[in-house]
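Visitor: Output the structure for:
(one chain, ligands or ions: 2)
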Amino acid sequence: MTNTSLLTLVLAAGQGTRMKSRLPKVLHALAGRSMLGHVMETAKAAGAVKNALVVAPQMDAVRDYALQFDPNTQIFVQDPRLGTAHAVLAARQAIDDFQGHVIVLYGDTPLLTTQTLERMSAALEAGAGVAILGFDADDPSGYGRLLMDGNGELSAIREHRDASPEERKITFCNSGVIGFRSDIMLGLLDRIGNSNAKGEYYLTDAVEIARSDGIKRSTVTCDEQEVLGINTRRQLAAAEALLQSSLRIAVMDGGATLIDPDSVHLSFDTEIGQDVLIEPNVFFGPGVRVEDGVVIHGFCHMENARIGPGAEIGPYARLRPGADLGESVKIGNFVEVKKSVIERGAKVNHLTYIGDARVGSGANVGAGTIICNYDGFHKHQTDIGAGAFIGSNSALIAPINIGDGAYIGSGSVVSKDVPANSLVVTRAPRTEREDWALKFRAHNERIAAKKRNSAK
Ligand code: UD1
Ligand code: MG
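Guide: Ligands and ions are numbered 1, 2, ... in the order given. Now for the predicted structure:
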């Protein structure tokens with residue numbers, strides 16, 4: 001981080017028509033967070049003290065998202081869309097009011113890292129008036145080419161459409177990330193014209209103008225993958241794959257074993273402790289924390305949940321928001337837990353729904369137990385005491401308290417509180433009739449025979 005204040009300016013006025021979506025492009029998610037969220041987080045992590053966002057008209061959802069992320073975001077509307085320089089100038093007020101470094105980012109380029117952004121700041125800190133983030137492209141077509149002068153300093157950026165055949169051979173390209181010293185920025189941008197192949201105001205023309213003013217231009221380089229722009233769902237999936245692979249590496253480097261990393265889907269904020277074992281086909285939605293020594297068997301789905309040390313879940317467990325599992329808890333196959341605290345050592349091993357509940361330490365919830373927490377209008381609480389035993393196939397109708405150490409007989413439907421250490425069984429009393437089945441069948445066979453005879 002540098003001493004000079006940083007303003008980031010995120011361009012997001014593109015309509016993203018190639019996504020074929022009602023959702024604005026920058027709100028599509030990667031690893032559980034929108035592209036815009038990734039960009040704004042990177043800006044924040046790199047020390048930006050202010051953030052401005054340029055949107056198109058009718059992008060209220062984008063505006064709302066940005067303000068929710070950071071209520072101090074300054075939002076500007078660009079209308080019509082006349083090019084990247086024109087977009088930046090839509091945020092003129094933010095630039096005018098600011099003293100320091102301004103870095104322009106794209107809302108659809110979400111894999112940019114904090115470190116790279118910090119290197120951009122450092123280039124400006126080292127005296128550049130304009131800093132460009134460049135990369136070596138596998139296939140440079142479509143990108144602006146970075147033209148260097150004899151001293152290895154950037155002389156101009158030539159957009160693909162305006163480039164000569166010679167210039168098109170250059171593979172060193174503009175990522176779109178450009179930084180400026182704020183005191184010279186508007187002076188450069190106000191001189192950018194639109195006499196080019198697209199008839200747009202190109203932000204990239206600032207480089208040539210800076211050169212004629214004798215302002216230092218620096219280039220910072222990064223990997224092509226980091227500045228992958230997303231225009232289509234295929235590119236979204238490609239970026240997701242790259243992000244997933246770096247998230248998995250971080251988890252493994254942190255001391256977790258992923259038996260089949262490619263089949264584990266992580267979120268941007270998944271926290272996984274040491275000596276955690278994760279079997280294949282596991283999905284982590286946002287907000288999951290897994291503590292040390294946990295085993296997650298295959299095919300689990302989790303979001304906004306905590307899994308305490310030494311717990312074991314799955315296969316096929318579903319932890320919904322607010323699932324909070326204590327130490328050494330066991331959650332087995334086809335168990336769903338929502339907004340519930342499962343205390344230390346409790347077991348819920350098979351085919352169960354636990355919602356809006358506390359399950360006390362050491363309690364055992366039998367197979368097929370259902371907590372009936374919803375009456376069609378309201379959700380109600382269930383409290384299961386420490387060491388209680390809930391027999392298989394029981395229904396607990398909330399609100400209800402089951403005391404510590406109580407027993408519920410299998411197949412019970414329990415709607416009133418159960419005192420500690422008592423037994424409750426609500427099954428209907430058993431009826432038994434000897435040879436009833438024989439008589440039943442004989443009776444029905446006689447009727448069937450009569451019908452056959454009368455039909456002849
Ligand atoms: C731009 C760069 C090019 C670079 C490439 C990297 C210019 C002139 N060209 O080209 O050098 O290699 O990105 O991907 O800057 N936007 C607006 N308003 C506008 C125009 C664009 O907000 O009027 C936003 C878009 O939403 C997008 C970004 O700016 O996020 C880039 O625009 P795009 O049209 O994709 O520029 P390219 O032609 O790809
Ligand atoms: Mg583009």
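Visitor: how close does residue 75 sit to residue 63?
Guide: 5 Å (CB to CB, to the nearest Å). For glycine as for every other residue, the C-beta is placed from the backbone atoms N, C-alpha and C.
Visitor: Overlap of the contact sets of those two?
Guide: 53, 55 (CB atoms under 8 Å, 6 or more residues apart in numbering).
Visitor: Tell me the secondary structure of residue 245, please.
Guide: Recorded secondary structure, residue 245: helix (DSSP: H, G, I helix; E, B strand; the rest coil).
Visitor: What residues does it make contact with?
Guide: Residue 245 sits next to residue 261 when contact means CB under 8 Å, 6+ apart.
Visitor: ok, now how distant is it from residue 277?
Guide: Counting by CB to CB, the gap from residue 245 to residue 277 is 20 Å.
Visitor: cool, and residue 162?
Guide: Distance from residue 162 to residue 277, counting by CB to CB: 55 Å.
Visitor: Show the model's pLDDT score for the closest residue to residue 409 other than its chain neighbours.
Guide: Nearest-residue entry for residue 409: residue 425, 3.2 Å, with adjacent residues in sequence omitted and distances by CB to CB, 6 or more residues apart in numbering. Looking at residue 425, its pLDDT is 97.
Visitor: Residue 67 contacts residue 75, doesn't it?
Guide: Yes. The pair residue 67 and residue 75 qualifies as a contact (CB atoms under 8 Å) at a distance of 7.3 Å.
Visitor: Within range of ligand 1, give me the residues from the stretch 51-200 of the chain.
Guide: Residues of the stretch 51-200 of the chain lying near ligand 1 by CB under 6 Å from any ligand atom: 54, 78, 81-84, 86-87, 106-108, 143-144, 157, 159, 173-176.
Visitor: Disregarding flanking residues, what is the spatial nearest neighbour of the residue in the stretch 51-200 of the chain that ligand 1 sits nearest to?
Guide: Minimum separation of the stretch 51-200 of the chain from ligand 1 (CB to the nearest ligand atom) falls at residue 144, amounting to 2.3 Å. In space, and not counting its chain neighbours, residue 144 is closest to residue 174: 3.9 Å by CB to CB, 6+ apart.
Visitor: Check which helix or strand that neighbour maps to.
Guide: Following DSSP states H and E, the helix or strand that holds residue 174 is strand 172-181.
Visitor: what about stretch 177-192, distance to the chain center?
Guide: The chain centroid and the centroid of stretch 177-192 are separated by 34 Å under CA atoms, centre = their mean, to the nearest Å.
Visitor: sec struct for residue 438, please.
Guide: Classification of residue 438 by three-state DSSP places it in helix.
Visitor: low-scoring stretches of this protein, by residue?
Guide: Applying pLDDT under 70 to the chain flags residues 1.
Visitor: Domain ranges for it, per the record?
Guide: For the chain, the structural domains run 6-227, 233-424, going by automatic domain parsing.
Visitor: any chance of these in a markdown table, plus distance to residue 438?
Guide: A markdown table is the format used below for the domains of the chain (distance: least, CB to CB, whole Å):
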| stretch | distance to residue 438 |
| --- | --- |
| domain 6-227 | 62 |
| domain 233-424 | 27 |
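Visitor: Contact partners for residue 107?
Guide: Counting by CB under 8 Å, 6+ apart, residue 107 has contacts 10-12, 14, 25-26, 35-36, 39, 53, 62.
Visitor: Now which of those would you call buried?
Guide: Neighbour counting over these (16 or more other CB atoms under 10 Å) leaves 10-12, 14, 25-26, 35-36, 39, 53, 62 as the buried ones.
Visitor: In helices only, show me these.
Guide: Among the buried ones among the contacts of residue 107, DSSP state H puts 35-36, 39, 62 in helices.
Visitor: export those to TSV and tack on distance to residue 255?
Guide: Compiled in TSV, these are given as follows (distance: CB to CB, whole Å):
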residue	distance to residue 255
35	30
36	32
39	30
62	38
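Visitor: which of these sit farthest apart?
Guide: 39 and 62 (11.6 Å; CB to CB).
Visitor: which residues are in contact with both of those two?
Guide: Residues touching both residue 39 and residue 62 by CB under 8 Å, 6+ apart: 26, 107.
Visitor: List the residues that contact the nearest residue to residue 56 once chain neighbours are set aside.
Guide: Leaving aside its sequence neighbours, residue 56 sits nearest to residue 13 (CB to CB, 6+ apart; 4.2 Å). Contacts of residue 13 were listed using CB under 8 Å, 6+ apart, and they are 54-56, 59, 78, 81, 87, 90.
Visitor: Pick the one among those closest to residue 375.
Guide: Of the contacts of residue 13, the one sitting nearest to residue 375 (CB to CB) turns out to be residue 59, at 40.8 Å.
Visitor: Which residue, neighbours along the chain excluded, lies closest to the closest one?
Guide: Distances taken as CB to CB, 6+ apart place residue 24 nearest to residue 59, at 5.6 Å, with adjacent residues excluded.
Visitor: Ok, residue 153 next?
Guide: Residue 153's closest residue in space is residue 217 (CB to CB, 6+ apart), at 5.9 Å.
Visitor: which stretches of the stretch 351-456 of the chain form strands?
Guide: 357-359, 364-365, 370-372, 382-384, 389-390, 395-397, 400-402, 407-408, 413-414, 423-424 (DSSP state E, counting those that start in this stretch).
Visitor: Give me the contacts around the third one.
Guide: I take that to be strand 370-372. 352-357, 382, 394-398.
Visitor: likewise the second one?
Guide: The set of residues that contact strand 364-365 without belonging to it, under CB under 8 Å, 6+ apart, is 346-349, 352, 354, 359, 384, 388-390.
Visitor: Just the buried subset of these, please.
Guide: The buried subset of these (16+ other CB under 10 Å) comprises 346-349, 352, 354, 359, 384, 388-390.
Visitor: now, which of these sits nearest residue 185?
Guide: Nearest to residue 185 among the buried ones among the contacts of strand 364-365, counting by CB to CB, is residue 354 at 56.9 Å.
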